[in-house]
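Undergrad: Build the 3D model from these lines:
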Amino acid sequence: MTTTTLRRPAPHVSSGTGVTTGTGTLLWFMLRRDRIRLPAWSLGLPLLMTYFTTALEAIAQTPQDLAGLTAFTSSPAGALFGGPGFGFDHLTVERFLAGQYGLYVIIGAGLMGMLTVVRHTRAEERSGRAELIRANVVGRHAPLTAALILTAAMAVLVAVLIGSMMAARGYPLSGSLLFGSSIGAAALVFGGIAALTVQLSEYPRAASGAAGATLGAAFVLRGLGDMAMVQGSGATWLSWLSPIGWSQQTAPYVYDRWWPLVISLLVAAATAALGYVLSTRRDFGAGLVPPRPGSPRAAAWLAGPLALAFRLQRASLIGWSLALLVAGIAYGSFTQPLVDGFADAPPDLVEIMGGSANMLDGYLGMMGMTMALAVGVYAVLAVHTLRAEETDGRAEPVLATAVSRAGWLGGHVAVAAVGVFWLLLVAGLGMGIGAAVSTGEAGLIATLLLGHVAHTPAVWLVLTIAALLYASAPRALPVIWVSLGYGLITTYFAPILDIHDSVLRLSPFAHVGEYPLEDISVVAVAVLALLSAALLQAAVVTFRRRDLASGA
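TA: From the prediction side, this is the model:
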């Protein structure tokens with residue numbers, strides 16, 4: 001007896017389209033998953049620009065008010081914290097908005113682009129969800145393609161909304177469209193860079209960290225190049241090495257140059273294409289840079305949860321330490337040129353740099369606050385590490401041993417708290433060395449060490465608020481970024497935007513004092529430290545009472 005088995009022939013998929021099969025379905029899933037995140041980014045950035053516009057229009061109501069801004073915006077400090085200042089010799093409201101405040105919206109767009117790509121590619125592979133999806137009829141490049149399409153859609157939406165808002169205010173249409181497009185272009189560039197970095201490491205944090213380091217380098221290069229341009233000497237070409245610089249070099253409302261955006265689009269396309277190529281040279285779930293094999297036996301010092309927490313955060317601490325040291329030295333070296341550039345600034349503009357005629361102390365105090373905000377990002381990311389350890393299933397085996405929940409959570413937060421102190425110390429040392437070399441005052445090293453470290457309790461408060469959010473409502477953890485964004489706005493824009501003191505005090509960073517410009521408030525330091533301890537205790541108690549969530 002003969003049995004004949006009939007098999008259905010495998011469907012033929014053409015080589016031209018097979019690698020992107022399922023892109024549309026994945027894009028729909030991503031839109032469904034980002035139903036809150038997408039409007040938060042796409043509406044948040046235009047709303048931030050709308051706030052800047054409304055506040056500036058309320059303050060600068062006369063030509064004399066605008067003329068009073070010129071001394072600041074045309075100085076090295078204005079270039080460092082804003083941009084090259086195109087057209088500031090004949091300043092208008094729209095030129096000031098694009099040339100000074102546009103930088104921060106561009107940075108936000110860059111973060112939006114890179115985080116979106118990492119979230120829907122490497123993070124999905126790491127969680128295991130991508131493997132289930134790839135088991136269906138889904139092409140190899142479909143997830144990355146869908147993520148890039150989503151990023152491009154968000155970039156276009158942000159560009160259209162910002163351009164439309166500026167045009168509706170009565171500003172020139174061509175400049176408004178160019179300004180919005182320059183912001184959207186930054187999102188595309190850093191989305192392309194993230195498409196490249198996600199191929200390098202199997203860990204989402206490493207991919208985000210590499211893309212974030214590129215964003216930080218772009219900010220530093222642009223700042224150094226723009227400061228050199230304002231001073232009329234130095235390496236002005238550094239601005240052209242920065243994707244942020246390409247967006248600012250369009251000079252909306254002044255020259256209306258569209259061609260720098262061609263550089264942005266070409267780099268975005270090239271990095272995305274390289275990401276596709278590299279993705280074919282690695283195994284699914286792996287990275288091109290393999291993780292270093294560990295020792296077959298754990299060292300004795302890794303026996304407790306505190307040591308384990310340090311081991312998990314060690315690489316991040318090393319990277320942050322090097323970055324803050326270099327940034328501190330770089331910005332500290334411009335101390336004397338900044339002071340000289342503000343020698344004849346009017347009192348209302350001096351207030352922007354610290355509210356005192358002593359510009360040296362004002363600049364150094366503001367940089368101390370800037371470094372504290374940067375270290376706050378490290379603190380928040382450290383708590384996100386806890387979330388990743390839990391959702392990836394690594395926390396449960398640890399807690400199944402003799403390690404208590406209090407020891408696990410407390411160990412991670414304790415290591416992050418010590419890391420905050422260390423990073424502020426390193427940043428202060430870098431700033432001190434740079435400022436001492438620039439001004440010839442060696443005593444600035446000790447001054448800046450104290451001024452930076454004094455902000456430690458403020459960052460601790462952000463850290464413990466994040467820990468409490470993680471312990472009580474893990475999905476609400478991203479809300480903590482609002483506190484850093486609020487601190488950024490109140491630090492840089494409070495004087496010029498006329499923010500009331502009672503509103504200013506809502507920021508954890510507004511209490512210690514910007515030393516050496518202001519005296520350090522010992523009472524504020526003590527209160528912030530005690531409040532941080534109370535929040536940590538509340539986080540530990542709350543964490544004991546909830547279930548662990550794996551793969552959430």
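Undergrad: Please tell me the pLDDT value assigned to Pro346.
TA: Looking at Pro346, its pLDDT stands at 49.
Undergrad: for Met30, same thing?
TA: 92.
Undergrad: Which pLDDT does the model give Met431?
TA: Taking Met431 on its own, its pLDDT is 90.
Undergrad: Likewise for Arg257?
TA: The predicted structure lists Arg257 with a pLDDT of 93.
Undergrad: so Leu56 sits right up against Phe96, yeah?
TA: Yes - using CB atoms under 8 Å, Leu56 makes contact with Phe96 at a distance of 6.6 Å. For the C-beta atoms, the positions are set from N, CA and C on the backbone; glycine is no exception.
Undergrad: Could you list the domains of the protein?
TA: 20-282, 303-552 (automatic domain parsing).
Undergrad: Now Trp481. Its backbone dihedrals?
TA: phi -60, psi -20 (degrees, to the nearest 10).
Undergrad: how many neighbours does it have?
TA: Residues lying near Trp481 (other CB atoms under 10 Å) number 15.
Undergrad: which residue packs closest to it, ignoring adjacent ones?
TA: Val380 (6.7 Å; CB to CB, 6 or more residues apart in numbering).
Undergrad: quick one: buried residues of the helix or strand that neighbour falls within?
TA: For Val380, the host element (DSSP states H and E) is helix 359-391. The neighbour-count criterion (16 or more other CB atoms under 10 Å) identifies 359-376, 378-391 as the buried residues of helix 359-391.
Undergrad: so where does the closest residue to Ala272 other than its chain neighbours fall, helix or strand?
TA: Sequence neighbours aside, Gly192 is the residue nearest to Ala272 in space, at 4.3 Å (criterion: CB to CB, 6+ apart). In this structure, Gly192 is located in helix 173-197 according to DSSP H and E.
Undergrad: Val415 now?
TA: With DSSP H and E as criterion, Val415 is part of helix 405-439.
Undergrad: Can you name the next helix or strand after that helix?
TA: helix 444-453.
Undergrad: need the next SSE after that next one, C-terminal direction.
TA: helix 456-472.
Undergrad: Now do that next one and helix 405-439, the angle between them.
TA: 150 degrees (axes from the mean of the first three to the mean of the last three CA atoms, to 10 degrees).
Undergrad: hmm, back to that, residues near the residue nearest to Ala272, how many?
TA: 28.
Undergrad: who touches it in this structure?
TA: Applying CB atoms under 8 Å, 6 or more residues apart in numbering, we find Gly192 in contact with Gly113, Leu148, Val267, Ala268, Ala269, Ala270, Thr271, Ala272, Gly275.
Undergrad: Among those, which are located in helices?
TA: Gly113, Leu148, Val267, Ala268, Ala269, Ala270, Thr271, Ala272, Gly275 (DSSP state H).
Undergrad: Can you check which of the domains of the chain gets nearest to Arg297?
TA: Closest approach to Arg297 among these (CB to CB): domain 303-552, 11.9 Å.
Undergrad: Mind pulling up the pLDDT for the closest residue to Gln199 other than its chain neighbours?
TA: Residue nearest to Gln199 in three dimensions, not counting chain neighbours: Leu278, with 4.0 Å by CB to CB, 6+ apart. As predicted, Leu278 sits at a pLDDT of 92.
Undergrad: who's in contact with Leu278?
TA: Contacts of Leu278 (CB under 8 Å, 6+ apart): Leu196, Gln199, Leu200, Leu288.
Undergrad: Would you mind listing which of these are buried?
TA: By 16+ other CB under 10 Å, the contacts of Leu278 give Leu196, Gln199, Leu200 as buried.
Undergrad: Tabulate those residues (JSON lines), appending distance to Ser333.
TA: JSON lines is the format used below for those (distance: CB to CB, whole Å):
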{"residue": "Leu196", "distance to Ser333": "31"}
{"residue": "Gln199", "distance to Ser333": "36"}
{"residue": "Leu200", "distance to Ser333": "32"}
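Undergrad: ok, so of those residues, who is nearest Trp320?
TA: Nearest to Trp320 among those, with distances taken as CB to CB, is Leu200, at 18.8 Å.
Undergrad: Identify the residues contacting that closest one.
TA: Ala206, Ala207, Ala210, Leu278, Gly287, Leu288, Val289.
Undergrad: Neighbour-wise, which one of those residues leads?
TA: Ala207 (26 neighbours).
Undergrad: so that residue touches Leu196, yeah?
TA: No - applying CB under 8 Å as the test, Ala207 and Leu196 come out as separate, 9.2 Å apart.
Undergrad: In three-state terms, label Glu514 for me.
TA: Taking DSSP: H, G, I helix; E, B strand; the rest coil as the rule, one finds Glu514 in the coil state.
Undergrad: Can you give me the pLDDT of the nearest residue to it once chain neighbours are set aside?
TA: Computed as CB to CB, 6+ apart, the closest residue to Glu514 that is not its neighbour in sequence is Gly365, at 3.1 Å. Note for Gly365: predicted pLDDT of 84.
Undergrad: what does the helix or strand harbouring Gly24 rub up against?
TA: Of the helices and strands defined by DSSP H and E, Gly24 is found in helix 23-33. By CB under 8 Å, 6+ apart, the list of residues contacting helix 23-33 from outside reads Leu38, His120, Ile133, Val138, Gly139, Ala142, Pro143, Thr145, Ala146, Ala147, Ile149, Leu150.
Undergrad: Name only those of the ones in helices among the contacts of Gly192 that count as buried.
TA: Gly113, Leu148, Val267, Ala268, Thr271, Ala272, Gly275.
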